[in-house]
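Visitor: all I have is the shape, not the residue letters:
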């Protein structure tokens, strides 16, 4: 009886170890073209390109009217983000290439999402 219990315990331990190895592996498949990657992080983009003192400013009623604004040494500067190419470049910066951006509502500044692939 003891021999069977030892064999059963060894099987369970071995089986659970196999599951741990399988679940620890990473999915390295390439997503399908058009797969949603996530939203654009405008605050991160502005910090990465203009410095940590920069903030993202969006016009709440127009998805195509974003800018990075900063105040340094009493000088206020803005850098506009308003073309599809700029939004695509931000997606590629944040999610890797190839990626493109689309707003799900052109009247809502926070509706930008990034997708895998090339703009079709």
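Guide: Structure received. In this text, all values refer to a predicted model and were calculated from it rather than measured experimentally. Residues are numbered from 1 along each chain as shown.
Visitor: all helices of the protein, in order?
Guide: Assigned by DSSP state H, the helices in the chain fall at 2-24, 42-50, 84-95.
Visitor: quick check: the residue lying closest to residue 70 once chain neighbours are set aside vs residue 44, distance?
Guide: The shortest distance from residue 70 to any non-neighbouring residue, by CB to CB, 6 or more residues apart in numbering, is to residue 54 (4.1 Å). C-betas here are computed from N, CA, C, even on glycine. As for residue 54, its distance to residue 44 is 10 Å (criterion: CB to CB, to the nearest Å).
Visitor: more neighbours: which of these two?
Guide: residue 54 (22 against 13; other CB atoms under 10 Å).
Visitor: can I assume the more buried one is in contact with residue 48?
Guide: No. Residue 54 lies out of contact with residue 48 (CB atoms under 8 Å); the separation is 9.0 Å.
Visitor: which stretches of the protein aren't confidently modelled?
Guide: Along the chain, the parts satisfying pLDDT under 70 run over 1-28.
Visitor: count the residues that sit near residue 66.
Guide: Applying other CB under 10 Å, I find that residue 66 has 24 neighbouring residues.
Visitor: about what we covered before: for the residue nearest to residue 70, what are phi and psi?
Guide: phi -90, psi 150 (degrees, to the nearest 10).
Visitor: list the contacts of it.
Guide: Contacts for residue 54 (CB atoms under 8 Å, 6 or more residues apart in numbering) come out as 46-47, 68-70.
Visitor: residue 55 too?
Guide: Counting by CB under 8 Å, 6+ apart, residue 55 has contacts 43, 46, 68-70.
Visitor: measure the residue nearest to residue 70 to residue 73 for me?
Guide: For residue 54, the distance to residue 73 - CB to CB - is 14 Å.
Visitor: do residue 63 as well
Guide: 32 Å.
Visitor: which one of these two has more residues nearby?
Guide: residue 63 (22 against 4).
Visitor: these two touch, right, the more buried one and residue 102?
Guide: No. Residue 63 is not in contact with residue 102 according to CB under 8 Å; the separation is 9.4 Å.
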